[in-house]
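pasting a predicted model and its sequence here:
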Amino acid sequence: MDNIEKSPLSGYQKLVIFILAFTQFTVVLDFMIMSPMGDMLMKAIDLKPAQFGVAVSAYAFSAGISGLLTAGFADRFDRKKLLLFFYIGFIIGTFLCGFSTSYTMLVAARIVTGLFGGVIGSISMAIITDVFSLDQRGRVMGFVQMGFGASQVLGIPIGLYIGNAWGWQSAFLMIAILAVFIAVMIAMKLKPITEHIGLQKKQSAIQHLWGTFNRKEYRIGFLATALLSVGGFMMMPFGSVFAINNLHITHEELPQMFMISGIASLVIMPAVGWLSDRFDKFKIFAIATTWMMIMVLIYTALGPTPFLLVVTLNILMMMGILSRVTPSSALVSAVPDKEDRGAFMSVSASLQQMSGGIGAIIAGLIIVQKTSDSPIEHYTTLGYIVVVISIITIALMYSVSKIVKKKGKTVTSPTNS
C-alpha cells in the first residue's frame, strides 16, 4: 500500500474536532444506550422482541424522514446554525424520553428525538468536508467517531448504573443535561460555515434534492452507506438481551463489558484513522470488514460463556465493526461536489437510518424469546445475514473508491481554518 503524505491540523481545526466529537458523543450515546438497556426496558414495560424492534426503529425512521425533508435545504444555510437548531431539538426529544412511562410514550419520544438527532451526523459530516481536506479526514473521522467509544467507556456504563439505581428514564435525563452544555459550546465557539451558500445555481430545494438523487455516483455512495448500517441495526438492539439470556452475563457485568470494549475502541478508532490517511482507504475497509465477518459468525454462535472470553471476543468483533466505519466515511465524504455536500450527507444519513430501521424491525421478527428470562433464538441467523450484506458492501465500496479516484479528489484547500 502506498504511503500518502498528510497535512497538519490547525488550532481551529482541532477545536472543531473537539466540538463535533462531544456532539457525536451525546447523539451516539442516546441511540446506543437503547441496546444495553434492552433487557431492562423489555422487562420494565413488558415489551416483546418485535415491540422493542419498533421502539428502536422509530428513531431510525423519523431520522430518515427528517433527513429527506431537510436535504434540499441543507446547503442553503449556515452549517453552524443548522447544527445548533437540530441539536436543540435533539435535547428536547431526549428529555421527553426521560419522562416516558409507557411503550406508546417511549415510541413517540423516540420519533421526536430521531427527527432532530438523525440529521446531526450528516451536518457534522458536511462541516468536516468543508473544514478539512481529504488527506486529513481519516484522522478527523477517527477522533470524531471516538464519541462512539467514549459513549461505551463512560456513557453507557454510567447510564446503566444510573438506570439500575433510579430507573431507565434517568439515563436519558443524564444525556439531555450534558447536551445542554455542549449546545452552549457550539453557539459560542464554532465559526459560521457559509462558503457553500449560493452554489446551487438558483435551483429550488426540490430540484436540488432530485439532482442529488439523479447522479449515478451519488446513488452508489447512498447504497453503500445504507447497507453498512443494516448489519449494526440488526444485531445491536438485541446485543444485551443475547449477552444476558444466552451468554449468561449478569446485569452487574454488563456495564463492565461495555466499558472494556469502549476503552479498546478509544485506541482502535484513532489508529484506524491514522492508517486511513496513510494507506488506501478501501483496502483498510475490506480488511476490517473481512475480520468483522469472521468474528460475527463466532460470536453469534456462542452459548453460555465465561465473562472474560465474552469480553475478549466482543473486543475482537468491535475491532472489525469500528475499523470499517472510518475509511468508509472518509471515502464517501469525497463523492459529492462542494455545492451538494449538505444534501448528499442528509440523503445518505436518511437512507442509512431508514435501512437500519428496516433491519431492526426484521431482526425483531426473526428473534424469538418465549419468556422474559429465556434465551433468545435465531441470533445466529442474524449473523449469517450480516455476513452476506457485508460482502455486498465490499463490492459497493470498491465502486465508491473508483469514483473518488476518477474524480481526482486529492488534497483540497480546507476552509474556515
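Structure received. Residues are numbered from 1 along each chain as shown.

list phi and psi for P375.
phi -60, psi 150 (degrees, to the nearest 10).

what about it, distance to A55?
To A55, P375 is 21 Å away according to Cβ to Cβ, to the nearest Å. All C-beta atoms are positioned from the backbone trio N, CA, C, and that covers glycine.

more neighbours: those two, which one.
Higher neighbour count among P375 and A55: A55, with 23 against 18, using other Cβ atoms under 10 Å.

past the helix or strand where the more buried one lies, which element shows up next along the chain?
When elements are defined using DSSP states H and E, A55 is found to belong to helix 49-71. Towards the C-terminus, the helix or strand next in line after helix 49-71, according to DSSP H and E, is helix 79-98.

need the CA coordinates for that next one. CSV is fine.
Presented in CSV, the C-alpha positions along helix 79-98 are these (Å, rounded to 0.1, in the frame of the first residue of the first chain):
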residue,chain,number,x,y,z
ARG,A,79,-24.0,24.9,8.9
LYS,A,80,-23.4,26.2,12.4
LYS,A,81,-27.0,27.5,12.7
LEU,A,82,-28.3,24.3,11.2
LEU,A,83,-26.3,22.2,13.7
LEU,A,84,-27.5,24.2,16.6
PHE,A,85,-31.1,24.1,15.6
PHE,A,86,-31.3,20.4,15.3
TYR,A,87,-29.2,19.8,18.4
ILE,A,88,-31.6,21.8,20.5
GLY,A,89,-34.5,19.7,19.1
PHE,A,90,-32.5,16.6,19.9
ILE,A,91,-32.1,17.8,23.5
ILE,A,92,-35.9,18.3,23.8
GLY,A,93,-36.6,14.8,22.4
THR,A,94,-34.1,13.2,24.8
PHE,A,95,-35.8,15.0,27.8
LEU,A,96,-39.2,13.5,26.5
CYS,A,97,-37.6,10.1,26.6
GLY,A,98,-36.6,10.7,30.2
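
packing partners of it?
Based on contacts counted as 3 or more Cβ pairs under 8 Å, 6 or more residues apart in numbering; DSSP states H and E, the elements that helix 79-98 packs against are helix 11-32, helix 103-131, helix 169-189.

elements contacting the helix holding A55?
For helix 49-71, the helices and strands in contact under the criterion 3+ Cβ pairs under 8 Å, 6+ apart are helix 38-44, helix 103-131, helix 205-213, helix 216-235, helix 341-366.

relative to helix 169-189, how tilted is the second one?
Read it as helix 103-131. Taking axes from the mean of the first three to the mean of the last three Cα atoms, to 10 degrees, one finds that helix 103-131 is oriented at 30 degrees with respect to helix 169-189.

run the chain-centre distance for helix 103-131.
On the basis of Cα atoms, centre = their mean, to the nearest Å, helix 103-131 is displaced by 10 Å from the centre of the chain it belongs to.

what comes up buried for that helix?
Judged by neighbour count using 16 or more other Cβ atoms under 10 Å, the buried positions of helix 103-131 are 103, 106-131.

next helix or strand past the lowest-mean-pLDDT helix or strand in the chain?
Taking mean pLDDT, DSSP states H and E as the measure, the chain has helix 146-150 as its least confident helix or strand, at a mean of 62. Following the chain from helix 146-150 toward its C-terminal end, the next helix or strand by DSSP H and E is helix 156-166.

buried stuff in that following helix?
Going by neighbour count (16+ other Cβ under 10 Å), the buried part of helix 156-166 is 156-160, 162-164.

how about those residues, which pair is most distant?
Within these, two members stand farthest from each other by Cβ to Cβ: I156 and N164, at 12.3 Å.

okay, now the closest residue to V368 other than its chain neighbours: neighbour count?
Counting by Cβ to Cβ, 6 or more residues apart in numbering, V368 lies nearest to E377, which is 4.4 Å off, once chain neighbours are set aside. Number of residues near E377 (other Cβ under 10 Å) recorded here: 14.

over to E377: give its phi and psi.
phi -110, psi 150.

and the gap between it and K48?
Plainly put, E377 is 13 Å away from K48 if you go by Cβ to Cβ.

sorry, back to before: assess the claim that the residue nearest to V368 and T371 are in contact.
No - using Cβ atoms under 8 Å, E377 is not in contact with T371, being 11.9 Å away.

residues in contact with the closest residue to P237 other than its chain neighbours?
When the adjacent residues along the chain are set aside, P237 lies closest to V56, with 4.5 Å between them (Cβ to Cβ, 6+ apart). For V56, the contacting residues are 34-35, 110, 233, 237, 357, 360, taking Cβ atoms under 8 Å, 6 or more residues apart in numbering as the criterion.

can you tell me which of these lies nearest to M292?
Using Cβ to Cβ, F233 is the member of the contacts of V56 that sits closest to M292, with 14.8 Å.

quick one: pLDDT of that closest one?
F233 is assigned a pLDDT of 72 by the prediction.

burial count for it?
Neighbouring residues of F233 were enumerated by other Cβ under 10 Å; the total is 23.

that one reaches A60, doesn't it?
Yes - between F233 and A60 there is a contact under Cβ under 8 Å: 6.8 Å.

give me the common contacts of those two.
For the pair F233 and A60, residues contacting each of them under the criterion Cβ under 8 Å, 6+ apart are 356-357, 360.

may I see the buried residues of the helix or strand containing I389?
When secondary structure is defined using DSSP H and E, the element that contains I389 is helix 379-407. Under the neighbour-count criterion of 16+ other Cβ under 10 Å, helix 379-407 has 379, 382-383, 385-387, 389-390, 393-394, 396-397, 400-401, 403-404 buried.

who does it touch, helix- and strand-wise?
Other elements packing on helix 379-407 under the criterion 3+ Cβ pairs under 8 Å, 6+ apart are helix 216-235, helix 281-300, helix 307-333, helix 341-366.

for the last one, name the packing helices and strands.
Helix 341-366 sits against helix 49-71, helix 103-131, helix 205-213, helix 216-235, helix 379-407, with contacts defined as 3+ Cβ pairs under 8 Å, 6+ apart.

and the ones you listed, which one's lowest on average pLDDT?
helix 205-213 (a mean of 65).

from S265, how far out is K281?
As it turns out, when the distance is counted by Cβ to Cβ, K281 lies 19 Å from S265.

hmm, back to that, of the buried residues of helix 379-407, which is the nearest to I294?
Nearest to I294 among those, counting by Cβ to Cβ, is V387 at 8.9 Å.

show me the contacts for that closest one.
Counting by Cβ under 8 Å, 6+ apart, V387 makes contact with 293, 296-297.
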